[in-house]
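Trainee: just the structure for this:
(chains A, B, C and D)
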There are 2 protein chains.
Amino acid sequence: MAENSSNSSRRPTIYDLAQIAGSSPSAVSAILNGTWKKRRISAATAERVTRIATEQGYAVNLQASLLRRERSHIIGMIVPKYDNRYFGAIAERFETMARARGLFPVITCTQRDPDLEFEAAREMISYQAEALVVTGATDPDRIADFCAAAGVRVINLDLPGRRAPSVVSDNFGGARDLTRLILSRLSQDFGAPSPLWFIGGRPQDHNTLERLRGFHAAHDEAGLTVPPTQVIMPGYSPDKAATALIGRDFPARFGIFVNSTITMEGVVRWLSETLDMDRVRLGCFDWDPFAALLPQNVGMVEQDVSSMLQQVFDAIAEGRDQPTRINVPCILRPLPARVGQP
Amino acid sequence: MAENSSNSSRRPTIYDLAQIAGSSPSAVSAILNGTWKKRRISAATAERVTRIATEQGYAVNLQASLLRRERSHIIGMIVPKYDNRYFGAIAERFETMARARGLFPVITCTQRDPDLEFEAAREMISYQAEALVVTGATDPDRIADFCAAAGVRVINLDLPGRRAPSVVSDNFGGARDLTRLILSRLSQDFGAPSPLWFIGGRPQDHNTLERLRGFHAAHDEAGLTVPPTQVIMPGYSPDKAATALIGRDFPARFGIFVNSTITMEGVVRWLSETLDMDRVRLGCFDWDPFAALLPQNVGMVEQDVSSMLQQVFDAIAEGRDQPTRINVPCILRPLPARVGQP
DNA sequence: CATGGATGCTCAATCGATGCAGCAAGATTG
DNA sequence: CAATCTTGCTGCATCGATTGAGCATCCATG
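Mentor: As a prediction, this is how the structure comes out:
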C-alpha cells in the first residue's frame, strides 16, 4: 500500500513532502497535525498533501514535534513484574485509561530492582513524561525526590511513599477479612480453630506489615494468639517460600495465609510434594482464576484495580502533590468447598 | 536530595547549567553525555558541572537529544494482552534482553484490536523506534507494509505474517505431542481411547489452524477420526468458551484439548459448574503454574519464550528482512496423575 | 477606483542537545 | 624567540516540527 518511491533509506520529513507537493513545510505541518482549518489552508491542498503523506509512508517525528510543543501527553508507569494477574491488570487498565484521556502510556518493568526502578524513572522523565505512576517500588521516595526536582508529578501505586500521593489497597482490611474467612472455614472443616501460618513478603515491606496487622487483628477477635514462628517472610518468590517451609513441623490439620499469588506457587508446590493436601486450608491475598480452583483454597482477596487507577488519574488531573494516602477497599472472594469434610 | 533552587516550575536545560557553572552549553553537553574526555574538558570542570546538574535535578531532554543523534536505540513491541503467563513472560524477557543490548524497550498492549495495533505501531515509528516486534497481531502485514515504507525493521512474533520475518512456536509439533499425551492418559485412566474435543481460538487464526493440524495428526496416528462437531473455535475468551460448551452432549468419559490458558479458564468454570470433574481429562496449549495443578490436567505445552526472543534479537541484529519463518520447538510438560483411576 | 476584509498561503524563529570547526593561552621544540 | 603543539574550551549550524507574523491576491463595498 504505502510505497516509499525514490529515497529508500531515510524517513520522509515535512520538507520532503512540501517539495513533492509544491508547497511549504508550514502548510504540510498544519495539514498533518490537524490545525489546517484554523490556519486557512484550502481543502484541496490539504487533501493533496495528505495523499502524498500516505504514499510516502510519512509518520511525524515525535522527537521534533514534542521538542517544540509545550505538552508531551506522555504518562509513564513502572511496574515490578508481569508474572501475575494483579500487575498485568494494572498495566492493561492503565494503558486503556490513559488512551481514553488522550495520553500516551509508556510502561516499563523493573524486576523489583531498586536501581532499575530509579533508572527507568529517570528515562521516563527524559522522555518528558508529564506524570509518573510508580507501582510497587522498593524505594519510591528516591524517585519522588528526583521527580520533584524535575517538576514532574508522581503518584505511588500499590506501595506507598512519604513524598508523593499514594494509592494503595486496604491491605489491613483485606487481610483481616481473609483471615476471618480462613479461620471460620478451618473450624467448619476441622473443628477447633487454631492460629494460622503467614507466609510470604518481607518484614520491611509496607503491604506485608499491614496485612500482618490485619492477620493478627482477626486472630485477636477470635481469641487466638499467633506464635512468632508461624510468621514466615522470606520474600515473595515461590522458591524462597518453598525452601522456608521445608523441614518445619506442622500439626495434623492447619491453615495458611499466603501473601501473594507468586508466593502461592511455592506453597502449593511444597504442599503437593510433601504433604497430604487434605490436612490444609489456605487463603491468598491477590486473585488468580486458576489458583481459585485449588481445592484447599477457601478464598482470595482481589485488589480493586479499576478503582485504584481511577484514583490515580483523579490525583493526576487534580494536580495533587501532597503525600496523601488513599486506601481502596479490596474485594473478598470466598470460594466454595471443594474438598470433602472429614 | 536533589533540590531545584530558584526557577521551580521548569526543567533545567544545559543552557541553565552552563550559566550557573559559568561555562558553555557545549561543554555541559559533552560532560553530561560522557564524551568530555574526547573533547578535552578538564576533570575539574567536569566534576563541577556534574555536581550542579545533580543539584538542579537535571535530566537530559531525550526529545532534543534523539532529534540530533542518528540512532534512537529505541526498540518497540506490541503485545495483545498481559493477562496470561505467556505474554507476560514475553514482555519481561523482551525488556531484559533489550536493556542488555543497550536498547530502550517500549511495549504497548493492544487488546487484540487491529486498529489499536496499527495505531500503536505508528506511534512507535513516530518515536523513531529502530525496530518493531509485532506480537500476536491480528493483521501483521498491514503493520509490516507501513514499517517498510518508513524504513523500520519489523519482526513478527507468535503469529506469522507474509511481509516480514516471523518467529513462531512449532504449534503443529506442540499440539501433536500434547494430543498424544492426552490420548494416552485417556486410555490409561479410562480404557478405550476416543477422539478428543478441541476448544478455543479462531478458524482464521494461523496458530489455531496449526495446532488443529497437530491435533488431527496425533489422532490419525492412533487410528482415530475427530467428528467436526468436536472442534469448537469461538475465540479465546473464557466466556465464549464456556458459552460454546453449555448444552452440548458429552460421553461418560472424554478428553479435551484446550487451545490457551485463557480459554482454559472458561472450560474449567464450565466443568466445575456442570459436570462431574472426574469424567474428563484435559491438556492445554500454554503454561500456567496454577492451571498445572488442576487434577484433570494431564499436561501443558510451554512455549520457549527465551529461545523465541533470542531468535528475534538475532534477526534484528543481522538485519534480516525477508519474510522467513522460524519455528521454535515447544516444551511438553506432562503432569502427574492427581485423580484416582476408576 | 481606492479601501477593507477575507482567503491562502510562506517566512523565520524556536524548542534543547550535539558535534564540527575554530580560537586563545600556555608548553615545548629547534 | 618564533614556530608548533597541546590543552581547554566556545560558537554556531543542525536535527524536524510548530507557530506567530506577515504578505500577496481576490472580491466586495462606498
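
Trainee: quick one: contacts for the residue in the stretch 201-342 of chain A that chain B sits nearest to?
Mentor: The stretch 201-342 of chain A approaches chain B most closely through residue A:290 (3.5 Å), counting by CB to the nearest CB. C-beta coordinates here come from the backbone N, C-alpha and C atoms, glycine included. Shown in contact with residue A:290 (CB atoms under 8 Å, 6 or more residues apart in numbering or on different chains): B:261, B:264-265, B:268, B:288, B:290-291, B:293-294.

Trainee: and what of residue A:337?
Mentor: Residue A:337 neighbours (CB under 8 Å, 6+ apart): A:185, A:189, A:298.

Trainee: export stretch A:125-136 to CSV, keeping only CA atoms.
Mentor: The C-alpha coordinates for stretch A:125-136 follow below in CSV (Å, rounded to 0.1, in the frame of the first residue of the first chain):
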residue,chain,number,x,y,z
ILE,A,125,11.5,12.0,32.8
SER,A,126,14.0,12.3,30.0
TYR,A,127,11.1,11.4,27.6
GLN,A,128,9.3,14.4,29.0
ALA,A,129,6.6,12.3,30.8
GLU,A,130,4.1,14.7,32.3
ALA,A,131,3.4,12.3,35.2
LEU,A,132,4.8,9.1,36.5
VAL,A,133,3.0,6.3,38.3
VAL,A,134,5.4,4.3,40.5
THR,A,135,3.9,0.9,41.1
GLY,A,136,5.2,-1.4,43.9
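
Trainee: show the pLDDT at the closest residue to DNA strand C within the stretch 151-300 of chain A.
Mentor: Across the stretch 151-300 of chain A, no residue is closer to DNA strand C than residue A:151, which sits at 11.6 Å (CB to the nearest atom of the strand). On the pLDDT scale, residue A:151 is placed at 86.

Trainee: and it, how many neighbours?
Mentor: As a burial measure, residue A:151 scores 15 neighbours (other CB atoms under 10 Å in any protein chain shown).

Trainee: list the buried residues for the longest helix seen in chain A?
Mentor: Looking across chain A with DSSP state H, the single longest helix is helix A:171-190. Within helix A:171-190, the residues that count as buried by 16 or more other CB atoms under 10 Å in any protein chain shown are A:171-186, A:189-190.

Trainee: so for stretch A:193-204, first residue to last residue, what's the gap.
Mentor: From the first residue to the last, stretch A:193-204 extends over 29 Å; the measure is CA to CA, to the nearest Å.

Trainee: tell me how far that stretch is from the chain's mean position?
Mentor: Between the centre of stretch A:193-204 and the centre of its chain there are 23 Å (CA atoms, centre = their mean, to the nearest Å).

Trainee: just stretch A:56-67 next, same as before
Mentor: Its chain's average C-alpha position is 30 Å from that of stretch A:56-67, according to CA atoms, centre = their mean.

Trainee: could I get the CA-only coordinates of that stretch as CSV?
Mentor: Output of stretch A:56-67 as CSV, limited to C-alpha atoms (Å, rounded to 0.1, in the frame of the first residue of the first chain):
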residue,chain,number,x,y,z
GLN,A,56,5.4,8.3,1.1
GLY,A,57,4.7,6.4,4.3
TYR,A,58,5.1,9.6,6.4
ALA,A,59,4.9,9.4,10.2
VAL,A,60,5.5,12.5,12.2
ASN,A,61,8.8,12.7,14.1
LEU,A,62,7.6,12.9,17.7
GLN,A,63,11.0,13.9,18.9
ALA,A,64,10.9,17.0,16.8
SER,A,65,7.2,17.6,17.5
LEU,A,66,7.4,17.2,21.2
LEU,A,67,10.5,19.3,21.4
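
Trainee: the residue in the stretch 201-342 of chain A that DNA strand C sits nearest to: neighbouring residues, count only.
Mentor: Nearest to DNA strand C in the stretch 201-342 of chain A, going by CB to the nearest atom of the strand, is residue A:319, at a distance of 20.8 Å. Number of residues near residue A:319 (other CB under 10 Å) recorded here: 8.

Trainee: show me where the stretch 1-150 of chain A has strands.
Mentor: For the stretch 1-150 of chain A, the strands defined by DSSP state E, counting those that start in this stretch cover A:74-79, A:104-109, A:131-135.

Trainee: out of those strands, nearest to residue B:155?
Mentor: strand A:104-109 (20.1 Å; CB to CB).

Trainee: what's the average pLDDT for the closest one?
Mentor: Regarding strand A:104-109, the rounded mean pLDDT is 96.

Trainee: and it, how far out from the chain middle?
Mentor: 11 Å.

Trainee: buried residues, it. List them.
Mentor: A:104-109.

Trainee: residue contacts, residue A:136?
Mentor: For residue A:136, the contact set (CB under 8 Å, 6+ apart) comprises A:79-80, A:87, A:112, A:157-159.

Trainee: for chain A, which residues are neighbours of DNA strand D?
Mentor: A:10, A:13-15, A:25-26, A:29-30, A:32-33, A:35, A:39, A:60-61, A:64-65, A:67-69 (CB under 7 Å from any atom of the strand).

Trainee: just the buried residues out of the residues you listed, in ChimeraX syntax.
Mentor: In ChimeraX, a selection of the buried entries from the residues of chain A next to DNA strand D looks like this (16+ other CB under 10 Å):
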select /A:13,14,29,30,32,60,61,64,65,67
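
Trainee: in helices, which of the residues of chain A next to DNA strand D fall?
Mentor: Those of the residues of chain A next to DNA strand D lying in helices (DSSP H): A:14-15, A:25-26, A:29-30, A:32-33, A:64-65, A:67-68.

Trainee: which of these come close to chain B?
Mentor: Restricting these to those touching chain B (CB under 8 Å from any CB of the partner chain) yields A:64-65, A:67.

Trainee: got those as CSV, with pLDDT columns?
Mentor: CSV is the format used below for those (pLDDT from 0 to 100):
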residue, pLDDT
A:64, 97
A:65, 97
A:67, 96
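
Trainee: these: which ones sit near DNA strand C?
Mentor: Counting by CB under 7 Å from any atom of the strand, the members of these near DNA strand C are A:64, A:67.

Trainee: distance to residue B:98 added to the ones next to chain B among the ones in helices among the residues of chain A next to DNA strand D, as JSON lines?
Mentor: As requested, these are exported to JSON lines (distance: CB to CB, whole Å):
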{"residue": "A:64", "distance to residue B:98": "24"}
{"residue": "A:65", "distance to residue B:98": "24"}
{"residue": "A:67", "distance to residue B:98": "24"}
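
Trainee: quick revisit: among the contacts of residue A:337, find the lowest-pLDDT one for me.
Mentor: Lowest pLDDT within the contacts of residue A:337 is found at residue A:189 (89).

Trainee: that residue touches residue A:281, doesn't it?
Mentor: Yes: between residue A:189 and residue A:281 there is a contact under CB atoms under 8 Å: 6.3 Å.

Trainee: returning to what we had before: tell me which two of the contacts of residue A:136 sit farthest apart.
Mentor: A:112 and A:157 (14.8 Å).

Trainee: more crowded one of those two?
Mentor: The residue with more neighbours, out of residue A:112 and residue A:157, is residue A:157; 27 against 15, by other CB under 10 Å.

Trainee: ok, that one to residue A:78 distance?
Mentor: 10 Å (CB to CB, to the nearest Å).

Trainee: okay, and the common contacts of those two?
Mentor: A:133-135.

Trainee: now those residues in TSV, with distance to DNA strand C?
Mentor: What follows is the shared contacts of residue A:157 and residue A:78, written out as TSV (distance: CB to the nearest atom of the strand, whole Å):
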residue	distance to DNA strand C
A:133	24
A:134	23
A:135	27
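
Trainee: among those, who's most crowded?
Mentor: residue A:134 leads those on contacts (other CB under 10 Å) with 30 neighbours.

Trainee: pretty sure that one is touching residue A:160, no?
Mentor: No: in this structure, residue A:134 is not within contact of residue A:160 by CB under 8 Å, at 10.2 Å.

Trainee: mean confidence for stretch A:155-168?
Mentor: The model assigns stretch A:155-168 a mean pLDDT of 97.
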